[in-house]
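Visitor: Build me a model:
(one chain, ligands or ions: 1)
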Amino acid sequence: MKYRLISAVVFFAVISLLRAQDTPPTAATAPPKPQGPAPLSPIDSKVRALLAKMTLEEKIGQMIQYSPWKSSEDKIKGEIAQGKVGSLLNVFGAKEANEYQKIAVEQSRLHIPLLLGLDVIHGYKTIFPIPLAEDCAWNPDLLAKCAHVAAQEASAAGVRWTFAPMVDVSREPRWGRISEGSGEDPILGSALAAARVRGFQGARLDDPGSIAACAKHFVGYGAPIAGREYNTTDMSEVTLREIHLPPFKAAVDAGVETLMSAFNDLNGVPASGNRHTLREILKGEWGFRGFVVSDWASVQQLVAQGYAADDKDAARKGLWAGVDMDMQSHVYGDYLAELAKEKKVSPRLIDDAVARILKVKYDLGLFDNPFTDETKEADLTMTPGDLDLALQEAEQSIVLLKNDTVGAKPMPLLPLSKDLKTIAVIGTLADSQKDPLGSWHCRGEDVMDKVSTVLSGIRSKVSKDAQVLYAPGVGTTLDTATDKALAQAVDTAKKAQVAVVVAGETQDMSGEAASRTSIDLPGRQEEMLKAIQSAGVPVVLVLMNGRPLTIPWEAEHIPAIVESWFLGTQHGNAVAAVLFGDVNPCGKLVVTFPRNMGQVPIYYAQMNTGRPDLGKEKWESKYIDSPNTPQYPFGFGLSYTQYDYSNLTLDSKTLKTSGTLKVTADIKNNGLVAGTEIVQLYIRDRVASVTQPIRKLMDFQRVDLAPGETKTVEFALPASKLGFYTEQGKYVIEPGPFDVWVSKDSADSTLQGSFELVSK
Ligand code: BGC
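Guide: Alright, predicted model coming up:
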């Protein structure tokens with residue numbers, strides 16, 4: 001503890017020295033003290049000892065990461081043997097991993113093992129739902145288990161480092177990478193970020209089944225202007241600290257070993273050259289002791305961003321800002337030695353970076369166990385246990401958006417009866433094994449034949465006598481949308497008692513470099529839905545997509561809508577389990593669905609404005625052509641049962657700034673089937689020196705309820721969490737009046753209370 005304190009003091013001293021500088025330091029202005037970790041543990045001592053033996057070239061080698069392409073393999077192998085490469089990404093399979101590792105360990109002078117990284121985002125071969133979907137389960141424990149399975153499969157293939165979790169908060173549905181994050185809320189995002197880190201890194205990082213995690217992309221990447229990929233971000237210090245930094249802080253607190261610096265320009269300073277966020281906040285304020293890897297060539301991109309004059313200048317600024325490892329841009333390899341010799345970069349910054357990288361390698365146990373057991377790779381992937389977990393996670397990720405009755409029938413359209421005689425399944429997405437994998441599906445395509453589709457899932461559920469008719473319909477692009485395909489879909493639907501129409505986006509329409517200006521159902525899918533609906537067939541719409549979509553017509557006219565996102569290997573089995581009622585859906589949205597693109601950005605935690613929309617007069621903050629409200633709010637999701645919320649109690653009407661408020665409410669399952677309700681706790685700070693949102697999620701719980709059962713849910717609300725950041729980056733807790741809700745979603749006001757926060 002004492003040593004930690006000393007180390008923190010050293011960190012802060014160095015940081016305050018760095019803070020005084022506005023430009024990258026020359027050697028003369030470089031910090032006088034080493035920034036490397038103090039010798040706190042046996043690992044730190046080993047790092048120190050190894051560092052002392054290294055030449056400048058070997059040190060810089062540790063700071064370099066390459067992705068071997070076929071053409072560059074021999075060159076890279078040669079450089080590894082000379083100790084000039086510390087890490088590789090995109091090496092596939094235990095055999096190949098061992099081949100590279102053998103060169104590093106046996107041929108390089110100091111035998112330092114390589115760190116092999118890969119984008120294991122939502123599974124290695126067993127593919128789990130895309131993160132945006134997984135997060136709709138609001139189930140950190142299950143999420144951690146899934147991440148650990150991914151870690152086990154990946155490490156069995158020689159990968160000991162994943163570039164995940166992506167913890168970028170995003171309120172921008174045009175941005176394709178929203179699919180890879182936890183949605184719009186920083187508190188929920190923090191809980192899920194920590195869970196993923198725990199899952200990937202396991203109980204012990206040096207266990208061969210654990211892998212180092214990498215929280216990315218630090219920071220602000222989720223707020224690109226106009227939703228265009230890689231675009232500039234511009235935000236206040238308050239927004240940065242309230243919205244975008246918390247999940248990174250949670251990942252750091254959970255012990256994440258690495259972070260990735262982002263592509264975006266942040267308030268005029270690119271994230272991969274941003275000393276304020278990297279050195280001052282991350283390594284200074286938060287005391288992060290792991291290392292920072294750049295995003296793909298993002299250090300070199302400082303040139304295109306107009307922040308560095310040339311590649312050499314980019315290398316200097318990247319290191320100065322706090323990027324320890326250069327992913328693929330070659331600028332550290334090409335220029336750091338020269339810059340050091342010219343005294344344009346401080347050797348101490350190099351030592352600090354290398355010490356951080358070596359520490360992670362020691363933490364992973366790579367010096368003792370650099371190789372992977374090739375005989376176990378196959379046995380450790382896609383085990384029945386992995387597949388069961390993937391099914392459970394997929395089922396919990398599904399969000400039921402609408403479930404109305406059809407005609408005079410008293411019961412809602414879903415769940416469907418397994419005794420139906422004819423079911424039509426429509427849509428190319430219904431029969432696709434690739435699309436359920438979503439973006440970043442790692443090695444999922446190698447075992448694509450194991451992916452269940454909606455069509456195969458439905459076939460496996462219905463009785464033997466039932467007829468499942470299939471028509472691909474119009475597809476997702478205009479190219480495939482012929483009149484004939486549309487007519488055939490309608491004809492097929494007409495022959496059935498119910499039509500399950502699977503519509504949405506293909507897997508490559510979200511993810512990296514997949515921004516859209518319109519987020520409606522692409523192609524002629526809506527036209528097809530309208531035609532089937534007007535033919536009088538009851539329609540269940542199953543959505544597959546990697547972002548919120550605008551579906552105002554469907555929301556009004558289609559009786560049942562199931563949001564299935566991209567659920568991975570078990571997609572079809574999970575969807576069918578929900579459609580036929582084997583599973584009662586419980587997922588809730590982690591991102592707002594707008595009614596139209598004009599509302600974007602739209603999110604629940606808005607400010608009140610001076611003229612809130614009270615529906616009283618024209619001069620209010622609203623549109624003349626659309627309601628302010630979203631199509632579906634954050635936190636929303638239906639079930640096959642109903643939950644009643646009652647008896648909100650607060651254990652006191654006043655809360656001391658040193659205290660904790662107990663908030664309880666009764667939740668009753670008022671229906672005929674068991675279910676799990678995700679109960680949400682929100683607050684509003686009514687008066688503050690920095691205006692606060694009309695609602696802020698503080699906590700949540702998943703509550704299992706048998707039919708007729710009531711449970712009292714209890715939340716502890718510590719006053720220490722009721723503060724906020726000022727523009728000076730200071731966290732303050734101000735006494736004053738607060739509202740509190742225990743609710744089904746961010747728009748539900750059934751249970752509302754209030755209390756006063758008072759000093760001490
Ligand atoms: C992405 C990162 C990813 C990296 C390596 C980049 O283009 O932005 O998220 O980890 O590539 O594949």
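
Visitor: show me the contacts for the residue in the chain positioned nearest to the ligand.
Guide: Taking CB to the nearest ligand atom as the measure, the point where the chain comes nearest the ligand is Phe163, at 3.4 Å. C-betas here are computed from N, CA, C, even on glycine. Neighbouring residues of Phe163 by CB atoms under 8 Å, 6 or more residues apart in numbering: Leu89, Gly117, Leu118, Asp119, Val120, Ile121, Cys214, Lys216, Met260, Val293.

Visitor: Let me know whether the helix or strand harbouring the second one sits next to the ligand.
Guide: Right, the one you point to is Gly117. Gly117 is part of strand 115-118, with elements assigned from DSSP states H and E. No: among the residues of strand 115-118, none lie within reach of the ligand under CB under 6 Å from any ligand atom; the closest is 7.9 Å away.

Visitor: Give the other helices and strands that the next helix-or-strand element following that strand contacts.
Guide: Next in sequence after strand 115-118, counting helices and strands by DSSP H and E, comes helix 131-134. When contacts are defined as 3 or more CB pairs under 8 Å, 6 or more residues apart in numbering; DSSP states H and E, helix 131-134 packs onto helix 384-397.

Visitor: Now do the buried residues in the helix it packs on.
Guide: Within helix 384-397, the residues that count as buried by 16 or more other CB atoms under 10 Å are Asp386, Leu387, Leu389, Ala390, Leu391, Gln392, Glu393, Ala394, Glu395, Gln396, Ser397.

Visitor: now stretch 465-480
Guide: Neighbour counts over stretch 465-480 (16+ other CB under 10 Å) mark Ala466, Val468, Leu469, Tyr470, Ala471, Pro472, Gly473, Val474, Gly475, Thr476 as buried.

Visitor: which non-adjacent residue is nearest the fourth one?
Guide: Beyond its immediate neighbours in the sequence, the residue positioned closest to Tyr470 (CB to CB, 6 or more residues apart in numbering) is Val425, lying 5.0 Å away.

Visitor: Next one, pLDDT for the residue lying closest to Val323 once chain neighbours are set aside please.
Guide: The shortest distance from Val323 to any non-neighbouring residue, by CB to CB, 6+ apart, is to Ser294 (4.8 Å). Note for Ser294: predicted pLDDT of 98.

Visitor: Surely Ser294 touches Phe263?
Guide: No: Ser294 is not in contact with Phe263 according to CB atoms under 8 Å; the separation is 9.2 Å.

Visitor: residues from the stretch 251-400 of the chain in reach of the ligand?
Guide: Asp295, Trp296.

Visitor: can you pull out the helices in the stretch 251-400 of the chain?
Guide: In the stretch 251-400 of the chain, the helices defined using DSSP state H, counting those that start in this stretch lie at 275, 311-321, 331-341, 347-363, 384-397.

Visitor: ditto for the stretch 51-200 of the chain
Guide: For the stretch 51-200 of the chain, helices defined by DSSP H, counting those that start in this stretch occupy the ranges 56-62, 73-81, 94-102, 131-134, 140-156, 186-201.

Visitor: Touching both of Ser294 and Phe263, which residues are there?
Guide: Contact criterion CB under 8 Å, 6+ apart; residues shared by Ser294 and Phe263: Ser272.

Visitor: the more surrounded of these two?
Guide: Set side by side, Ser294 and Phe263 show more neighbours around Ser294, with 30 against 22, by other CB atoms under 10 Å.

Visitor: Now do the same contact list for the more buried one.
Guide: Met260, Ser261, Ser272, Gly318, Val323, Met325, Asp326, Met327, Ser329.

Visitor: Touching, the last one and Val293? I think so.
Guide: No: the pair Ser329 and Val293 fails to qualify as a contact (CB under 8 Å) at a distance of 11.2 Å.

Visitor: Can you read off the backbone torsions of Val468?
Guide: Reported as degrees, to the nearest 10, the phi and psi values for Val468 are phi -110, psi 110.
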